[in-house]
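Enquirer: Here is a sequence together with a model predicted from it:
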Amino acid sequence: MTYHAAKHRRGLHCLPYGYSCKRRHIILPPRYRLLDPSKITSLNDIIDVFSCCIFTWSVLTTLLPAFVLAGAISAFVPRTTILKYLGAGASRFAAYGTAAASGMVLSLCSCNIVPLFVSIYRRGAGLGPACTFLYAGPAINIVSMILVFKLLGWQMGLTRALAVPLVAVLLGVLMSLVFRSRERARQETIAQVAVVDEDEDGRRSLVLFLLLLGTVAIGAIKDPWYVSVGGIALIGAVAAWYFARRFSFEEFKEWMAETWGLVKLVVPWLVPAVLVIGFLAQSVDARFVMELVGDDTLRSVVLADLFGALMYFPILSEVLFVRTFISFQMTLGMGPALAILLTGAGLSLPGAIILGQAVGWRLVIAYLVLVIVLTTAAAALFASQVGQFMCECMLPG
């Protein structure tokens, strides 16, 4: 479709977005192929919810390393270390900066990040930095940012890259203010326990942590599969050798107990929640969602935020979702597009349910409300400054 055809469709005016109408070819890995819009009927045609790693072999390269790392944090990382860098007494700039940037080396969805959040929160991380990490972790990884630049253009890519850490830090600060009394009491209790819990040799825990973090990072490489499998096997072998030399069998049992505890917390809620969303996605007409979020009104931005917050998006699929929507109806409101990109990765109903079991529903509800408010404001501001609509002819591809 030409620029003028898109412009006159539904009487919409497509404002310049940094790309000419000249088409450009983009090569994507096989698992990220764009869909033929003519073959789309239900939401599940755009978002294959059942591609969640819990239902595929990716559970071995994505979810399992995340659980093992989270269990190691719970078992071995000294509380004094967590308090020093992420606790109430830590430098706010360092704590929030570390939490916001940590997701760049991870490629985890809104559910896989929960075990890591729970482990650092229980070990003494402040509520603010922990919530910053929880939101930014799935949304700011390098692979996702590159995909946004490739599929949606430099302005949307740059805006998302700046908005995610900003929203994450503001979210953390607001959460710490809302629950400041509760957080102050929790930090005092943890500080008392940390005195007797300190590891005599924190360096061994740091080395193990870095090795396990390497398995999580390399597990994000999906294509070709042998890179992630081989990399995890190699780093895992080094980690096993190091653990056998520096840790005891009793510590191994403690590690596995912590890991199993996190598995029992997450999996029994994750599987049924993803199944329910998957079956609902098969029955919801994609055109119905497009009608709700397709224009540039504040109502559409809020609805797009709610949709992104409740829908489960497997890793990176929120980017393809926005791109496919634009191809399907040729235009999409700037605000709703950014809203889905900001909430699709960092929030989901399954993730919220798991969090509710771990830290309580009062905290989770406040977290959800603040994320929706902040991302709605960011998306609406972006649309007001850049333009109202994204047109397919303005995108690379």
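Expert: Noted; the coordinates are in hand. Numbers count the residues shown, from 1 in each chain.
Enquirer: Please count neighbours and contacts with C-alpha atoms only from this point.
Expert: Fine.
Enquirer: Can you verify my assumption that residue 321 contacts residue 45?
Expert: No. Using C-alpha atoms under 8 Å, residue 321 is not in contact with residue 45; the gap is 9.9 Å.
Enquirer: More neighbours: these two, which one.
Expert: Set side by side, residue 321 and residue 45 show more neighbours around residue 321, with 22 against 18, by other C-alpha atoms under 10 Å.
Enquirer: for that one, phi and psi?
Expert: The phi and psi values for residue 321, taken as degrees, to the nearest 10, are phi -60, psi -50.
Enquirer: and the closest residue to it other than its chain neighbours, how many neighbours?
Expert: In this structure, residue 321 finds its nearest non-sequential neighbour in residue 46, 6.1 Å apart by C-alpha to C-alpha, 6 or more residues apart in numbering. Residues lying near residue 46 (other C-alpha under 10 Å) number 24.
Enquirer: Look up how far residue 346 lies from residue 46.
Expert: Separation of residue 46 from residue 346 (C-alpha to C-alpha, to the nearest Å): 19 Å.
Enquirer: Please apply the same query to residue 261.
Expert: Distance, residue 261 to residue 346, using C-alpha to C-alpha: 23 Å.
Enquirer: The two: which is more packed in?
Expert: residue 346 (29 against 14).
Enquirer: hang on, isn't the more buried one packed against residue 132?
Expert: No. The pair residue 346 / residue 132 is not scored as a contact, 10.3 Å apart, by C-alpha under 8 Å.
Enquirer: And the average pLDDT for whatever helix or strand residue 233 lives in is what?
Expert: Per DSSP states H and E: residue 233 is located in helix 225-246. Averaged across helix 225-246, pLDDT comes to 90.
Enquirer: which residues sit against it?
Expert: Contacts with helix 225-246, where a contact means C-alpha atoms under 8 Å, 6 or more residues apart in numbering, come from 61, 204, 208, 211-212, 214-215, 218-222.
Enquirer: and these, which two are the farthest apart?
Expert: 204 and 222 (30.0 Å; C-alpha to C-alpha).
Enquirer: show me where pLDDT drops low in the protein?
Expert: Low-confidence segments of the chain (pLDDT under 70): 1-40, 49-54, 105, 107, 192-202, 222-223, 294, 327-332, 386-397.
Enquirer: Just checking, which helix or strand succeeds the helix holding residue 233 along the chain?
Expert: Helix 225-246 is succeeded, C-terminally, by helix 249-283 (DSSP H and E).
Enquirer: Now residue 305: phi and psi?
Expert: phi -60, psi -50.
Enquirer: ok, it to residue 65 distance?
Expert: Separation of residue 305 from residue 65 (C-alpha to C-alpha): 30 Å.
Enquirer: Compare those two (neighbour count), which wins?
Expert: residue 305 (31 against 23).
Enquirer: does that one really touch residue 374, like I thought?
Expert: No. Residue 305 is beyond contact range of residue 374, at 10.0 Å (criterion: C-alpha under 8 Å).
Enquirer: where along the stretch 101-250 of the chain do the helices fall?
Expert: Assigned by DSSP state H, counting those that start in this stretch, the stretch 101-250 of the chain shows helices spanning 113-122, 127-139, 142-152, 154-178, 180-197, 202-218, 225-246, 249-283.
Enquirer: looking at the ones you listed, which is buried most?
Expert: Compared across those, helix 127-139 shows the largest average neighbour count, a mean of 30 (mean count of other C-alpha atoms under 10 Å).
Enquirer: the inter-axis angle of that one versus helix 113-122?
Expert: If you take axes from the mean of the first three to the mean of the last three C-alpha atoms, to 10 degrees, helix 127-139 sits at 160 degrees to helix 113-122.
Enquirer: Contacts for helix 127-139, please.
Expert: By C-alpha under 8 Å, 6+ apart, the list of residues contacting helix 127-139 reads 86-87, 95-96, 99-104, 106-110, 113-114, 117, 120-121, 164-165, 168-169, 171-176, 183, 315, 342, 345-347, 367.
Enquirer: ok, now with 6 Å
Expert: 96, 99-100, 103, 108-110, 117, 168-169, 172-173, 175-176, 345-346 (C-alpha atoms under 6 Å, 6 or more residues apart in numbering).
Enquirer: one step back: angle of the helix holding residue 233 against helix 202-218?
Expert: Counting by the same axes, to 10 degrees, helix 225-246 lies at 170 degrees to helix 202-218.
Enquirer: and helix 225-246, how far from the chain's centre?
Expert: 25 Å (C-alpha atoms, centre = their mean, to the nearest Å).
Enquirer: Would you mark the buried spots in stretch 80-90?
Expert: Within stretch 80-90, the residues that qualify as buried are 80-88, 90, counting by 16 or more other C-alpha atoms under 10 Å.
Enquirer: Would you convert those residues into a markdown table that also reports distance to residue 229?
Expert: Formatted as a markdown table, the buried residues of stretch 80-90 follow (distance: C-alpha to C-alpha, whole Å):
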| residue | distance to residue 229 |
| --- | --- |
| 80 | 34 |
| 81 | 31 |
| 82 | 30 |
| 83 | 34 |
| 84 | 34 |
| 85 | 32 |
| 86 | 32 |
| 87 | 35 |
| 88 | 38 |
| 90 | 37 |
